[in-house]
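>>> just to be clear, the model below is a prediction. Sequence and coordinates:
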Amino acid sequence: QVQVVESGGGLVQAGGSLRLSCAASGRTFSSYAMAWFRQAPGKEREFVVGISMSDGTTYYADSVKGRFTISRDNAKNTVYLQMNSLKPEDTAVYYCAARPLFQTLVVARSSGYEYWGQGTQVTVSS
């Protein structure tokens with residue numbers, strides 16, 4: 001059974017930084033992709049960034065390019081999201097998700113991900 005657990009959210013002022021972590025336990029191979037999504041109040045869940053655990057290929061939403069960086073540690077089945085230059089519009093619950101095993105391509109649709117974390121709140125004050 002795969003479990004996805006996020007950590008690292010919090011409150012930060014505009015222009016500040018936060019680092020989120022996401023660990024996927026129960027995986028013995030690195031042949032899958034992981035991604036971060038976010039959902040603000042009253043809005044639909046949206047794709048933020050994804051990474052292939054097999055080769056490190058990344059894909060960013062335009063709204064976070066140049067500000068957010070995703071990285072991985074295959075030994076720990078963990079991905080990290082470094083968020084810099086945060087804006088109030090980045091405020092949302094951030095969810096980490098993992099694709100089924102051997103699905104190594106990053107996709108932007110939430111239906112492509114099988115395992116989800118409980119979410120972590122990120123609040124950026126102006």
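That came through fine. Residues are numbered from 1 along each chain as shown.

>>> can you give me the strands in this protein?
Taking DSSP state E as the criterion, the chain contains strands spanning 3-7, 10-13, 18-25, 33-39, 46-52, 58-60, 68-73, 78-83, 92-98, 115-116, 120-125.

>>> list the buried residues of the fifth one.
By neighbour count, with 16 or more other Cβ atoms under 10 Å as the criterion, the buried positions of strand 46-52 are 47-52. Where C-beta positions appear, they are placed from N, C-alpha and C, glycine not excepted.

>>> and which of those is nearest to residue 102?
residue 52 (11.4 Å; Cβ to Cβ).

>>> ok, the closest one to residue 72 distance?
9 Å (Cβ to Cβ, to the nearest Å).

>>> re earlier: farthest pair in the buried residues of strand 46-52?
48 and 52 (15.5 Å).

>>> gap between residue 32 and residue 51?
Distance from residue 32 to residue 51, by Cβ to Cβ: 10 Å.

>>> for the residue nearest the centre of the chain, give the beta-bridge partners.
Centroid check for the chain by Cα atoms, centre = their mean gives residue 36 as the closest residue, at 2.2 Å. Note on residue 36: beta-bridge partners by DSSP bridges are residue 49, residue 96.

>>> who's in contact with it?
Taking Cβ atoms under 8 Å, 6 or more residues apart in numbering, we find residue 36 in contact with 20, 22, 48-50, 70, 79, 81, 94-97.

>>> now residue 39
Counting by Cβ under 8 Å, 6+ apart, residue 39 has contacts 45-46, 92-93, 95, 119.

>>> could you find the closest non-adjacent residue to it?
Closest residue to residue 39 apart from its sequence neighbours, by Cβ to Cβ, 6 or more residues apart in numbering: residue 45 at 4.2 Å.

>>> is it true that that neighbour touches residue 94?
No. Counting by Cβ atoms under 8 Å, residue 45 does not reach residue 94; the two are 10.2 Å apart.

>>> anything in contact with each of those two?
With Cβ under 8 Å, 6+ apart, residue 45 and residue 94 have common neighbours 37-38.
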